[in-house]
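S.K.: Curious how this folds, go ahead:
(chains A and B)
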Amino acid sequence: MSDHEYTPKSKVGKWFNDRLPLLTLGAHLADYPTPKNLNYWWTFGGILTFCLLTQIITGIVLAMHYVAHADLAFASVEHIMRDVNFGWLIRYIHSNGASMFFLAVYIHIFRSLFYGSYKSPREVIWIIGLMIYVLMMAAAFMGYVLPWGQMSFWGATVITNLFTAIPLVGESITTWLWGAYSVDNPTLNRFFSLHYLIPFLILGLVVLHIWALHIPGNNNPVGIDIKKPSKDTVPFHPYITIKDAFALLMFMIIFAGFVFFSPNVLGHSDNYIPANPLVTPAHIVPEWYLLPFYAILRSVPDKLGGVILMFGAIFILFVLPWLDTSKVRSAVFRPIYRQFYWIFVLDVLMLGYMGAMPAEGIYLVLARVGTIYYFLHFIVVLPVVGLFEKTDPIPMSISEPVLTGGADLSLARKDNEKI
Amino acid sequence: MKRFKIIILSFYLFLISIVPSLGAGSNGDLLKVDWSFKGLTGKFNRSSLQRGFQVYKEVCSSCHSMQYLSYRNLGEPGGPEFSEQEVKAIAASIEIDDGPDSQGEMFTRPGRPADKFKSPYPNVNASIAANGGAYPPDMSVLVKARPGGSNYIYSVLMGYEDPPAGINLDDGVYYNKYMIGNKIKMASPLSEDIVEYTDGTQASVDQMAKDVTTFLTWAAEPELEERHRTGVKVMIYLILLTTLVYLSMKKIWSRVDTEV
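M.R.: Take a look at the predicted model:
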């Protein structure tokens, strides 16, 4: 952290800053010392902020034209697509934006897992991040219900029915959530209300996430603390802002590719059929970003067990900082963990694929294997590997592997190879 | 770092090459047509849209509604682009139920371009009752509501054939090679010269199937041409801006001993 106190140059600025030090805050954000060895995996924080703001802005405009009523919702979405000026663009940005948001958040989370960003002293940043992720899933699920197509309706039915698995009070809780005796107009209404609320909760948590980040500062690819700020760091502006801008633009090219040239490929065609409580779709599948958890849910023959494991798969991440016993943060210096990391990535991808397939035959077997391994990774692999792994030598400082030649440079290369 | 850049670049080239084809759907058995509206700069064939509307109007619309479209859409850019006079005439040929008037009476009047397409049945139940228990789906977004999209619609229209030996069909059920489950309650809607095209095109079943599929694709995605056009501009803009920002980034980071 820079210690010098910021003083505005103008009189008005000084007058205002004495009363509310917003300019000091701005100066802090601009000067914030950032490790200079951050790679492009570190640009996804900025990208995610962009995603959140995009969803909020397009969402507010959509809400001006959308009607949250079971008889009118589908038609109002078509009204947006056909009659509202650039309504198709706003809606496609919003619907594809949700997928892009999750793409970015998964990269952000897996970056954290690789470089050990969840470890001391950054546990609170990690936990706030997970709270954001859980809220994102809730917002995305409810948003998917709003067009009131077949997948909206049946997705909502499947997910809300999970709560009936709770012993004794399950049925009552589910009826209370629905506001009716099945998914119906009251359900749609409250989902709309909550879908509008959650992004602002996320925004608040994002502020806390960044605040908590600015206490210890960024982790970095070698995973060691900043030794000499003058040598190891660069000010956030202009160095990181321009790098984030470049990465964001690359991201926007992919985003625009989906919006303009394949806007429906990430959705399910059944959601263009109006909701019909009397006709069940052949396969009820959630959006792609929830598929790994859906696979875990379906891999357990018992309903309550499935629900517990599904929520457990998310909540085990909250205690991850205490499950990983290794003191070394970055997987660059952890030869054994590095391999388990990639196995874990493959496991999650496989679970995602199984979630999209019917739960039968070989798919079900593989989903079960994947589920067991998912939990083994956290409960067995992480604690045990941390205790017995012989880690590679760690550089003295951030600038060392970059500045000096020889063995240290090879470490830096290794890092690049991994990304 | 070099390798990293090559990986990223090839990833982008890969994405750009597959994204347009992703939307084509995954049903490998469907008949495939080289539609003019596919691809980054795809556009509808104007005369095919106009012929397709004629097929819809004279054949499909006796059972299938298209409730989210208005007659004015037929004259809008990117669609069949009928002239203002033609759109007015098309709308006026339809009797629209309206009301209540100042006396509280319902009445009928000739259609106006602002009216929505009139549905053939007063409600869904009536359409089910009139069609042997099967609901003729609304066609407004039908292309987006089926895996395989345009190719699926075209395939079903072309997929009627005699059932293979061993399959017995009830009365009013037909065999279709491409329909999910192979059974369909709609009799083959197209037959040679069922429509007499006003532009003199030979009305073969294949021609009509292509024309009406094109029309239905436009009905589901009336913004398609504008979307493609805008998309190309947005891409060019983003790529130029990305290049400029990349060069600026290189310049700024040249002050530091670290590569970006």
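S.K.: chain center to stretch A:374-394: distance?
M.R.: 24 Å (CA atoms, centre = their mean, to the nearest Å).
S.K.: got the buried residues for that stretch?
M.R.: Buried residues in stretch A:374-394, counted by 16 or more other CB atoms under 10 Å in any protein chain shown: A:374, A:377-378, A:381-382, A:385-386, A:389, A:391, A:394. Every C-beta, even on glycine, is put in place using the N, C-alpha and C of the backbone.
S.K.: and which of the residues you listed is nearest chain B?
M.R.: For these, the closest approach to chain B (CB to the nearest CB) belongs to A:Ile394, at 18.8 Å.
S.K.: what residues are up against the closest one?
M.R.: By CB atoms under 8 Å, 6 or more residues apart in numbering or on different chains, the contact set of A:Ile394 is A:222-224, A:328, A:333.
S.K.: The buried residues of stretch A:374-394 into JSON lines, with extra columns for secondary structure?
M.R.: Formatted as JSON lines, these follow (DSSP: H, G, I helix; E, B strand; the rest coil):
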{"residue": "A:Tyr374", "secondary structure": "helix"}
{"residue": "A:His377", "secondary structure": "helix"}
{"residue": "A:Phe378", "secondary structure": "helix"}
{"residue": "A:Val381", "secondary structure": "helix"}
{"residue": "A:Leu382", "secondary structure": "helix"}
{"residue": "A:Val385", "secondary structure": "helix"}
{"residue": "A:Gly386", "secondary structure": "helix"}
{"residue": "A:Glu389", "secondary structure": "coil"}
{"residue": "A:Thr391", "secondary structure": "coil"}
{"residue": "A:Ile394", "secondary structure": "coil"}
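S.K.: Columns pLDDT on top of these, output as JSON lines?
M.R.: Listed next are the buried residues of stretch A:374-394 as JSON lines, based on pLDDT from 0 to 100:
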{"residue": "A:Tyr374", "pLDDT": "98"}
{"residue": "A:His377", "pLDDT": "98"}
{"residue": "A:Phe378", "pLDDT": "98"}
{"residue": "A:Val381", "pLDDT": "97"}
{"residue": "A:Leu382", "pLDDT": "97"}
{"residue": "A:Val385", "pLDDT": "97"}
{"residue": "A:Gly386", "pLDDT": "96"}
{"residue": "A:Glu389", "pLDDT": "96"}
{"residue": "A:Thr391", "pLDDT": "95"}
{"residue": "A:Ile394", "pLDDT": "92"}
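S.K.: Got the confidence number for B:Ala130?
M.R.: As predicted, B:Ala130 sits at a pLDDT of 93.
S.K.: cool, and B:Ser17?
M.R.: B:Ser17 is assigned 63 on the pLDDT scale.
S.K.: Likewise for the one 3 residues further on?
M.R.: For B:Pro20, the model assigns a pLDDT of 52.
S.K.: which residues touch A:Leu248?
M.R.: A:Leu248 neighbours (CB under 8 Å, 6+ apart): A:43, A:46-47, A:50.
S.K.: and of these, the nearest to chain B?
M.R.: Closest to chain B, out of all of the contacts of A:Leu248 and judged by CB to the nearest CB, is A:Thr43, at 10.5 Å.
S.K.: Any stretches of the chain with poor pLDDT?
M.R.: Defaulting to chain A. Residues of chain A that meet the criterion pLDDT under 70 lie in A:1-4, A:401-419.
S.K.: wait, I meant chain B there
M.R.: Using pLDDT under 70, chain B drops low at B:1-4, B:15-28.
S.K.: Can you show me the strands along it?
M.R.: Using DSSP state E, the strands found in chain B span residues B:95-98, B:107-110, B:174-175, B:183-184.
S.K.: Please identify the buried residues of the first one?
M.R.: Neighbour-count burial for strand B:95-98, with 16+ other CB under 10 Å as criterion, is recorded at B:Ile96.
S.K.: What strands line up against that strand, and which way round?
M.R.: strand B:107-110 (antiparallel) (DSSP bridges).
S.K.: closest point of the stretch 1-150 of chain B to chain A, which residue?
M.R.: Counting by CB to the nearest CB, the stretch 1-150 of chain B gets nearest chain A through B:Ala145, at 3.7 Å.
S.K.: Go ahead and confirm that residue touches A:His268.
M.R.: No - using CB atoms under 8 Å, B:Ala145 is not in contact with A:His268; the gap is 9.8 Å.
S.K.: check contacts around A:Tyr337.
M.R.: A:326, A:331, A:382, A:385-386, A:389.
S.K.: where along chain A do the strands fall?
M.R.: Assigned by DSSP E, the strands in chain A fall at A:33-35, A:233-235.
S.K.: in its sheet, what does the last one sit against?
M.R.: So that's strand A:233-235. Applying DSSP bridges, one finds strand A:233-235 paired with strand A:33-35 (antiparallel).
S.K.: which residues are contacting the partner strand?
M.R.: Contact partners of strand A:33-35, identified using CB under 8 Å, 6+ apart, comprise A:1-2, A:217-220, A:226, A:229, A:232-236, A:239-240, A:398.
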